[in-house]
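Undergrad: sequence-free structure coming up:
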DNA sequence: GCTAACATTTGGATCGCTCCAAAAACAAAC
DNA sequence: GTTTGTTTTTGGAGCGATCCAAATGTTAGC
């Protein structure tokens, strides 16, 4: 009574009906008479009643919680992705549990388990680097899962990802068209599936243009600002210097631009840089960054929608959605004349 | 059996014990014999058993879910804050529900309600601009709440916030010490409590230095990159021009720097800019941004810890924690000589 | 062998809700 | 006044865990 939370029974007593009737009202059933419904609703707000979803799911109602496990929230790209997911969830009246696995496999395991314990109806997963199918197998058995951005080979789960290969190809082709021939590929390490795809696109553009692939132009680095800076140092010591770079992502590209600028290289004129992801910041660095736009937010929305659809239909058959990318041309990649136009805008 | 989820009873049957014993094992009780515990644990992993927290909380076990309602996840500062909260939660074996209220009051209401329905044990809230005590009163009755960054006047809930006033005072004093006299205050609108505090600090520094406060130097703007850009235009048309600006936050400051730079102003030499928050990007813009460091992550950690402590103790008596700030001097605010040093670093 | 003391284990009852079959209330038709 | 039909309402069982009082096993002491 006075102790403990207000339950459906308290509401029923107050409204002078049975708990079943209250339950019906909660479920929005059309069976209850309007007058009764009104009395019940009033009783609920009088008592400050709060629905106990846990009790409902226990009985069988399906949960409306989506687990959302993101590998790195300090990367703005993934934040955008998360915002998209979160938006779509609320649109579909699901509520997202968020966890940041912080590129830590152990953490990822814990967090997924915890989400299942809390009754998540499905999982949106941007897997940590180095996740193997075995790591996930038991953990996600029987749960609908949508992988976002990254894909763990061998896992029976949907994937929503950008067309990395095609995006990288277009970007590289653009650089070539601007007259660049010595183009580097900067950032990431070989364990990353996304990088493999982008690298493949880069190589195919070179091939199309009849430019020989030079392994010395592929520079690995951590995918953060510092990684871009470190890569710049390496670029500057090349025997046969490069005149442009396609970066694994925008953060690396921005790090690179900054380091090159400080070293006196006029990025956009002497050196072309293209990033990947088109994060908000790409518009705000100087020179503004040309980037392959992935539209993280809509990627998130689509992933969440796919998952919600699968949950609703009960059909967890894996699907793959590849989102198109587009090259957003700004001033970091221009030929000399273009760079000046860019700066004037 | 084959249908439905594996329950404690299934595990019990498999291990040849009663469900009570299994429950004991789950609770880590020392009452069970080691041999039995082992058999039970084995049965659990054989069956792929997943603990059903909902059922437990129903019976009385207290929930381990923390609600986390953040006003704007597209602002990197709040993302950092969220990461801090998230980190601390996992440290304390809580799991955070995240929601982005996107500066929308209605959304905030829905989301808080939803969190209560899901049994959140407490709430971390960075309130939406314009939230009133009345909006929150009923919604959070009986729930421990910690407000982060912003404070809704009249709400009986803890607050964890930076020492905005003191931080702004220090920053302004630094600009004055560099020889600047015409210092603008840029960004935010008057509805924001945080801004009022920072503005007060700014005014007190002016007063200490005997500089008259000039309302023309206080420029309102949205708190995003574009807002900073817009403010730049306004700054440049002042009759009595300004020589420096303290910005409401780093994002505004970066927008401002960019716009000024494009207009040909040498930021760091001709014009001093200081931001607030010290987001990661502050180190990567050129010139690097001097900023009042708030350490969002540790703010988040402390807020989460406070909340978890309150939940554990059952004592929800409001507390206020003011976190110290420190001025991180980089190159956007230097006197001419200083700017050069900064660039050389 | 019997009992006391201790170490383990075990049936319910219970949490707040949903769902089902069945009861009750009301209205229309004979 | 029954009968039949339709609209509303209602007990009670059950979801998967916890927890408590009580049962059972084990060991030691006499």
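TA: Received the coordinates, thanks. Quick caveat: nothing in here was measured; it's all calculated off a predicted structure.

Undergrad: Report the contact partners of residue A:83.
TA: A:297, A:300, B:73-74, B:100 (C-beta atoms under 8 Å, 6 or more residues apart in numbering or on different chains). Any C-beta I mention is one placed from the backbone N, CA and C, and that applies to glycine too.

Undergrad: try residue A:260
TA: A:232, A:235-236, A:267, A:271, A:273.

Undergrad: mind checking how far it is from chain B?
TA: As defined by C-beta to the nearest C-beta, to the nearest Å, residue A:260 lies at a distance of 11 Å from chain B.

Undergrad: Need the three-state assignment for that residue.
TA: In three-state terms, and counting by DSSP: H, G, I helix; E, B strand; the rest coil, residue A:260 is helix.

Undergrad: and it, what pLDDT?
TA: pLDDT, residue A:260: 96.

Undergrad: and if you look at residue A:29?
TA: 89.

Undergrad: Provide the backbone phi and psi angles at the closest residue to residue A:181 other than its chain neighbours.
TA: Nearest non-adjacent residue to residue A:181, counting by C-beta to C-beta, 6 or more residues apart in numbering or on different chains: residue A:211, 6.0 Å away. Backbone geometry at residue A:211, expressed as degrees, to the nearest 10, gives phi -100, psi 130.

Undergrad: count of residues packed around residue A:211?
TA: Using other C-beta atoms under 10 Å in any protein chain shown, residue A:211 has 16 neighbouring residues.

Undergrad: Roughly how far does it sit from residue A:248?
TA: 20 Å (C-beta to C-beta, to the nearest Å).

Undergrad: Residue A:117 too?
TA: Relative to residue A:248, and taking C-beta to C-beta, residue A:117 is found at 36 Å.

Undergrad: what's the answer for residue A:18, then?
TA: 62 Å.

Undergrad: Name the surrounding residues that touch the helix or strand hosting residue A:168.
TA: In the assignment (DSSP states H and E), residue A:168 maps to helix A:164-177. Residues from elsewhere that reach helix A:164-177 (C-beta under 8 Å, 6+ apart): A:183, A:194, A:197-202, A:204-206, A:208-209, A:211, A:244, A:246, A:272, A:274, A:276, A:290, A:292, A:294, A:324-325, A:327, A:329, A:333.

Undergrad: tell me the angle the strand or helix carrying residue A:197 makes with helix A:164-177.
TA: With elements taken from DSSP H and E, the one containing residue A:197 is helix A:193-208. Per axes from the mean of the first three to the mean of the last three C-alpha atoms, to 10 degrees, the angle that helix A:193-208 makes with helix A:164-177 is 40 degrees.

Undergrad: which residues sit against helix A:193-208?
TA: By C-beta under 8 Å, 6+ apart, helix A:193-208 touches A:149-151, A:153, A:161, A:164-173, A:176, A:183, A:185, A:187-190, A:212-213, A:218, A:246, A:248, A:276.

Undergrad: what about burial for these, which qualify?
TA: A:149-151, A:161, A:164-173, A:176, A:183, A:185, A:187-188, A:218, A:246, A:248, A:276 (16 or more other C-beta atoms under 10 Å in any protein chain shown).

Undergrad: so which of those residues also contact DNA strand C?
TA: Contacts with DNA strand C are made by none of the buried ones among the contacts of helix A:193-208, judged by C-beta under 7 Å from any atom of the strand.

Undergrad: circling back to that earlier point, of the contacts of residue A:83, closest to DNA strand C?
TA: Using C-beta to the nearest atom of the strand, residue B:100 is the member of the contacts of residue A:83 that lies nearest DNA strand C, at 26.9 Å.
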